[in-house]
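[1] my questions are about this predicted structure, shown below with the sequence.
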Amino acid sequence: MAEHAANAPAPLGGRLLTPVTLVLAVLAAVAGVILLYRFFYGLGAVTNLSDGYPWGIWIAYDVVIGSALACGGYAMALLVYIFNRGEYHPLVRPALLASLFGYTLAGASVIFDLGRWWNVWHIFWPGYAQVNSVMFEVAVCITAYIVVMWIEFAPTFFEKFGMRDARRKLSRVLFVFVALGVLLPSMHQSSLGSLLVIFGRQIHPLWQSGWLLPLMYLMTAVLLGFAVVIFESTLASTAFRRSMEADLLARLTRLMVWLLAAYLVVRVADLVVRGALDNAFAFTIEAVMFWLEMAAFVLPLVLLGTQAARRDPSKRFIGAVALMAGGMLLRINGFLVGYQTGDGWHYFPALPELLVTVGLIAFEVLAYIVFVRTLPVLPREAAPAK
Amino acid sequence: MDRRKFFRSSLAAGAAALAAGAAAHARENKSVPPQALGLLYDSTLCVGCKACVAACKQANDMPPEFSTQERYWDTPLDLSGKTLNVIKVYRNGTGRRKDEPENGYAFIKKSCMHCVDPSCVSACPVSAMHKDPLTGVVRYDKNACIGCRYCVAACPFGVPRFTYDSALPQISKCQLCSHRWKDGGYAACAEVCPTGATLYGTLVDLKKEAARRRAAKPGTPMVYPRGRLGGPDQDYPGVAARYVDHLYGETEFGGTQMVLLAGVPFEKLGYPDLPPRSDAASSEGLQHALYGGLVMPIAFLGVLSFVARRTVKVDDEQENRHG
């Protein structure tokens, strides 16, 4: 397939210091200052966490959603290497890069939330490690996946620095890391859902799906992966003024819509079988959030039902954004809105708490820009775009 | 083609999930430890003096907590990073009659239930929560703890608490005064209770005592023990109370080692309605079904490697040829 050669990845080049990168850097720096404060004065000094809501957006967004949004690399690897859809190959490397940052930051941000962070190595240490804990499985698999992704991404560095020998050696065993790169996210993305099982009745019936939680969180993680690839490809094409992989994205969208339909069948069937659907028709904040979540999941299905619609970049983009919103809402609802451990507890993130999350996202986008401008990540254009 | 493959894989995933669901029920509730120790709290005997709250603070060297303008004395309103045991009050209507749900009031103790199959122990990724295999006391080891607060979130009784305002935070929870055993002491709350509302002993004895109280006709003479069952005689004569027909902690959540009696339904006293199956059993059952012996992950990795070996190689050759 000659298209691979034509689309071989190359650095974008261009200026690193722009108004956009400057704003991103400032936001990241603000988060850094707040975190410094947090390490001296405790979590309570910058967050609205309480014993009724021991987990806030630093877990629900930064880790649970952050890692799910970073599933582009996983979803594309699944498609290209496991389902042998070689034609999607140009999408793999950019997706992998976004995943690399998403996961590395999700993993690193856990440290900010851990009260006794200096003991974090206990998770991996025999004698301390508690293998029955869902958290143990999540932590070990996420850490392992971050390492695997850096190895998967290493050829890009090798190319940049002309290390042909290292690249050749790695490429011989790369398939093992590709396989691990599919196995590990399958494990921990499903387990992020399993985290909720032990909360039992503290999770509202609309989100306490018991043993189906891992399946639902896994399906939506793959969905979010596809949605993010579409989202990022569209943004990258606009921001860096590149032509779009239009045909590929349309076909990817079709897959995404089918998987989305399958997910909705599982989700609704579970609610019906458990008799939990009644709760959706009560006048509560949970019901409102449930319908928002469902609307976000159903919208792409309606919007992208036809082939013509899937070829329309703006519809595709809106569909992808809606799906991302749906996946985020499922997780926010499961971990925060639907969590109630007793009467009288309330939670809404504090401003510094929000600023840390915003700063983290800013840092991620900034790093992505720097990487694609300096390293061979995005497919080379046939003709210079600018 | 795409569609068929996707259907096939979703079917496979669905089948795996179903199998996991079925196998997840394989993990039973844990059973009561052979020398299980615990507390019996009888709301009808409690006079709300809070001697137990003060004694608990002293025995565990915990700081006072203030909820009034004048900071004269310890006035905790709930469990917290500074308070391991608290007495709360239920009030309804005129609040005149003790232990009546209507126009009445009742006291209630909140402290660790020392569950037979505790969520906190199952949730903790670093073994910082540990259930003693003999006595069943659930202890916390701050030197192991990473401060993730999964235990805080998991406990259905809202027991483990966290010190959010500290740079060196930790979890706080009742450990049944196990540090006082070596000096012949026992749970300070039971030791100081003037009416025997909080009683310390083996779970077997405590349940016998609860059964004796429930069997008595309300209003008839009744002798109540104080302090520790099987300890020095501190009995005193009283009158049998009227209880709701429920020994809380007998079946809830696979059982707890603090059990409670009351004249007011437990939901009104802030004790949740819980199923007999522990959440730890559900959670661990699911994990074992998916990851037991690492069989499924290794098999899955094998399949993935087999497939990836072909696809990744092809891919690489192409790049080498053209690049």
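    On my side now, so go ahead.

[2] quick one: B:Ile87 is in a helix?
    No. B:Ile87: not assigned to a helix; according to DSSP: H, G, I helix; E, B strand; the rest coil it is strand.

[3] my read: it touches B:Cys46, true?
    Yes. At 6.9 Å, B:Ile87 and B:Cys46 qualify as touching, with contact defined as Cβ atoms under 8 Å. C-beta coordinates here come from the backbone N, C-alpha and C atoms, glycine included.

[4] anything in contact with each of these two?
    Listed as contacting both B:Ile87 and B:Cys46 by Cβ atoms under 8 Å, 6 or more residues apart in numbering or on different chains are B:107-109.

[5] what residues does the stretch 201-350 of chain A put near chain B?
    A:201-202, A:210-212, A:214-215, A:218-219, A:251, A:254-255, A:258-259, A:262, A:266, A:339, A:341-343 (Cβ under 8 Å from any Cβ of the partner chain).

[6] for the strand or helix carrying B:Val53, packing partners?
    For B:Val53, the host element (DSSP states H and E) is helix B:51-60. Applying 3 or more Cβ pairs under 8 Å, 6 or more residues apart in numbering or on different chains; DSSP states H and E, we find helix B:51-60 packed against strand B:86-91, helix B:188-192.

[7] got the angle for that helix vs strand B:86-91?
    Interaxial angle of helix B:51-60 relative to strand B:86-91 (axes from the mean of the first three to the mean of the last three Cα atoms, to 10 degrees): 160 degrees.

[8] so which bits of helix B:51-60 are buried?
    Of the residues in helix B:51-60, B:51-57, B:59-60 count as buried by neighbour count, 16 or more other Cβ atoms under 10 Å in any protein chain shown.

[9] so what touches that helix?
    In contact with helix B:51-60 (Cβ under 8 Å, 6+ apart) are residues B:62-64, B:74, B:76, B:83-87, B:109, B:111, B:174, B:177, B:180, B:185, B:188-194, B:198.

[10] and those, which of them are buried?
    Using 16+ other Cβ under 10 Å, the buried ones in the contacts of helix B:51-60 are B:62, B:74, B:76, B:83-87, B:109, B:111, B:174, B:177, B:180, B:188-193, B:198.

[11] show me where the chain has its helices.
    No chain specified, so I'll use chain A. A:2-6, A:19-41, A:57-59, A:66-69, A:72-77, A:92-113, A:134-160, A:164-194, A:213-239, A:246-274, A:285-303, A:307-310, A:313-332, A:351-374 (DSSP state H).

[12] if you could check chain B rather than the one you did, that'd help
    B:2-24, B:51-60, B:119-123, B:150-154, B:188-192, B:203-215, B:279-291, B:295-322.

[13] least confident of these, on average?
    Lowest mean pLDDT within the helices of chain B: helix B:2-24, a mean of 62.

[14] hang on, the earlier thing: now the shared contacts of B:Ile87 and B:Cys46 as TSV including pLDDT and distance to A:Asp247?
    As requested, the shared contacts of B:Ile87 and B:Cys46 are exported to TSV (pLDDT from 0 to 100; distance: Cβ to Cβ, whole Å):
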residue	pLDDT	distance to A:Asp247
B:Phe107	98	72
B:Ile108	98	67
B:Lys109	98	68
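
[15] using CSV, lay out those together with distance to A:Ser186.
    Below are the shared contacts of B:Ile87 and B:Cys46 laid out as CSV (distance: Cβ to Cβ, whole Å):
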residue, distance to A:Ser186
B:Phe107, 51
B:Ile108, 46
B:Lys109, 46
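
[16] of those, which ones also sit close to chain A?
    Within the shared contacts of B:Ile87 and B:Cys46, nothing lies near chain A by Cβ under 8 Å from any Cβ.

[17] any idea of the mean pLDDT for stretch B:233-247?
    In this model, stretch B:233-247 has an average pLDDT of 96.

[18] model confidence for A:Ala322, exactly?
    So A:Ala322 comes in at 98 (pLDDT).

[19] for the closest residue to chain A within chain B, report the pLDDT, please.
    Nearest to chain A in chain B, going by Cβ to the nearest Cβ, is B:Gly147, at a distance of 2.4 Å. You'll see B:Gly147 listed with a pLDDT of 97.

[20] and if you look at A:Ala5?
    For A:Ala5, the predicted pLDDT is 48.

[21] looking at the helices of chain A, which is buried most?
    helix A:72-77 (a mean of 28; mean count of other Cβ atoms under 10 Å in any protein chain shown).

[22] just the CA coordinates of it, formatted as CSV?
    Output of helix A:72-77 as CSV, limited to C-alpha atoms (Å, rounded to 0.1, in the frame of the first residue of the first chain):
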residue,chain,number,x,y,z
GLY,A,72,-7.6,6.8,21.1
GLY,A,73,-4.4,4.9,20.9
TYR,A,74,-6.0,1.8,22.4
ALA,A,75,-9.0,2.0,20.1
MET,A,76,-6.9,2.5,17.0
ALA,A,77,-4.4,-0.3,17.9
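
[23] other SSEs contacting it?
    Helix A:72-77 packs on helix A:92-113, helix A:164-194, helix A:213-239, going by 3+ Cβ pairs under 8 Å, 6+ apart.

[24] how far off centre is it?
    10 Å (Cα atoms, centre = their mean, to the nearest Å).

[25] equivalent analysis for stretch A:228-244, please.
    That offset, for stretch A:228-244, works out to 17 Å (Cα atoms, centre = their mean).

[26] count the residues that sit near the closest residue to chain B within chain A.
    Nearest residue of chain A to chain B (Cβ to the nearest Cβ) works out as A:Gly115 at 2.4 Å. Neighbour count of A:Gly115, defined by other Cβ atoms under 10 Å in any protein chain shown: 23.

[27] give the contact list for the residue nearest to it when sequence neighbours are not counted.
    Closest residue to A:Gly115 apart from its sequence neighbours, by Cβ to Cβ, 6 or more residues apart in numbering or on different chains: B:Gly147 at 2.4 Å. Shown in contact with B:Gly147 (Cβ under 8 Å, 6+ apart): A:114-117, A:119, B:162, B:169-171.

[28] roughly how far does B:Ala128 sit from A:Thr143?
    19 Å (Cβ to Cβ, to the nearest Å).

[29] same question, B:Leu79
    For B:Leu79, the distance to A:Thr143 - Cβ to Cβ - is 33 Å.

[30] which parts of the stretch 101-250 of chain B are strands?
    B:104-110, B:129-131, B:138-140, B:161-162, B:171-172, B:198-202, B:221-224, B:236-239 (DSSP state E, counting those that start in this stretch).

[31] quick one: A:Pro379 and A:Pro9 touch, right?
    Yes. With contact defined as Cβ under 8 Å, A:Pro379 and A:Pro9 form a contacting pair (5.9 Å).

[32] alright, calling it a day.
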